[in-house]
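Colleague: Predicted model and sequence below, questions to follow.
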Amino acid sequence: MRVLITGAAGFIGSALALRLLARGDQVIGIDSLDTYYQVKLKLDRRDRMIAAGGNRFTFIHQDFSDMAALQDALTGLSFERIVHLGAQAGVRYSIENPHAYVQSNLVGHLNILELARHREIGHTVYASSSSVYGANQKLPFSVDDRTDHPISLYAATKRADELMSESYAHLFRLPLTGLRFFTVYGPWGRPDMALWKFAQNIFAGKPIQVFNHGDMYRDFTHIDDIVAGLVACLDNPPPDDGLEKAGGSTKPHRVYNIGNHRSEHLMKVIGLIEEAAGRKAQLEMLPMQPGDVHRTFADIDAISNDLGYEPTTPIEVGVPGFVNWFRDYHRL
């Protein structure tokens, strides 16, 4: 199978590309190599894909929110499936730089839908986010819950992506699957995420910022489990059968939660990082940040029942594994 992956030099995109290349697929990876976080990490991920894929991997340095340039870059290249993971990430950064989110997450998503429509792509899987649930008090979060009260612009753009996808599934019978990711972590992760920041500061002997005075819960999901779910979705496009699917659509469009189905206390995770690093953290206790939520917890019944998805990596295994990778990558 030939697969186009956007955000291919990103955390999830590169891990997915490696998994697809390992099973013999061909991968075209697009990434703008944005400077939101250090480009060297993205280039190192790209180099791993090149080494793994050889001539079965093609890398294109391109911003997918520029439609004309995107079409030019893909001229002469064919593919049967798309996994759209590229986006401007981060809840807090969306407060500082909202226009970046509109361009990448809204315009960019529309461009991918148009690309899939005109190329008659057999299935497009795209990244949504658990942030669409806003300050939902009902736990665990279900794909049947309301998602019309976002508390950050990032969340609003991800919910808008789901709505645009529904319209394309209706108008053009485009097979689409949206995945609401829950706090992905693991080797080759993103430096703007909590586990990376914690590990970095603990090793450097600097304080770590702990929001809401540590009273936070997250459904931490290991990258290996995320990739397993992505591959299962990619290989199983939703049928255009008029029946209701996960997320409520009767079109060829499904929306799944993809998480670990466990809500872990933040202080427990910090303790696991301390143990793996062999040193104690200096804690700077702070109030809740704007746009943050107190707790996330994924109801994964829909994706489990439809595709057999079952996460297998508990944080007691995944967090030390991340810390060990972090130490090796930075030669600490």
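Modeller: Thanks, I have it. Residues are numbered from 1 along each chain as shown.

Colleague: which stretches of the stretch 201-332 of the chain form strands?
Modeller: Applying DSSP state E, counting those that start in this stretch to the stretch 201-332 of the chain gives strands spanning 207-210, 217-218, 221-222, 253-258, 264-265, 282-285.

Colleague: Around L272, count how many other residues there are.
Modeller: By other C-beta atoms under 10 Å, the residues close to L272 number 20. C-beta: built from backbone N, CA, C; applies to glycine.

Colleague: And it, how far from V227?
Modeller: As judged by C-beta to C-beta, to the nearest Å, L272 and V227 stand 22 Å apart.

Colleague: Give me the below-cutoff pLDDT ranges for the stretch 201-332 of the chain.
Modeller: Along the stretch 201-332 of the chain, no part satisfies pLDDT under 70.

Colleague: And for the stretch 1-150 of the chain?
Modeller: The model of the stretch 1-150 of the chain has no residue with pLDDT under 70.

Colleague: Show me which positions of the top helix by length along the chain end up buried.
Modeller: Longest helix in the chain by number of residues, with DSSP state H as the criterion: helix 153-172. Within helix 153-172, the residues that count as buried by 16 or more other C-beta atoms under 10 Å are 153-162, 164-166, 168-169, 172.

Colleague: I82 in helix, strand or coil?
Modeller: For I82, the assignment made with DSSP: H, G, I helix; E, B strand; the rest coil gives strand.

Colleague: so what's it bridging to?
Modeller: Applying DSSP bridges to I82 gives these bridge partners: L4, T124.

Colleague: Next, the buried residues of stretch 42-58.
Modeller: By 16+ other C-beta under 10 Å, the buried positions in stretch 42-58 come out as 42, 45-46, 48-49, 52-53, 57-58.

Colleague: so how far is that stretch from its chain's centroid?
Modeller: With C-alpha atoms, centre = their mean, to the nearest Å as the basis, stretch 42-58 stands 20 Å off its chain's centre.

Colleague: Convert the C-alpha atoms of that stretch to CSV, please.
Modeller: Taking C-alpha atoms only, stretch 42-58 is exported to CSV below (Å, rounded to 0.1, in the frame of the first residue of the first chain):
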residue,chain,number,x,y,z
LYS,A,42,12.5,16.5,13.3
LEU,A,43,15.5,15.9,11.0
ASP,A,44,16.7,13.1,13.2
ARG,A,45,13.2,11.5,12.9
ARG,A,46,13.3,12.0,9.1
ASP,A,47,16.7,10.3,8.9
ARG,A,48,15.4,7.3,10.8
MET,A,49,12.6,6.9,8.2
ILE,A,50,15.1,7.3,5.3
ALA,A,51,17.3,4.6,6.8
ALA,A,52,14.4,2.3,7.4
GLY,A,53,12.6,2.8,4.1
GLY,A,54,15.2,3.3,1.5
ASN,A,55,13.5,3.9,-1.9
ARG,A,56,10.1,3.1,-0.3
PHE,A,57,10.2,6.3,1.6
THR,A,58,9.9,9.8,0.0
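
Colleague: where's the closest residue to D301 other than its chain neighbours relative to A155, distance?
Modeller: Nearest residue to D301 in three dimensions, chain neighbours excluded: S142, at 7.8 Å (C-beta to C-beta, 6 or more residues apart in numbering). Using C-beta to C-beta, S142 is found at 17 Å from A155.
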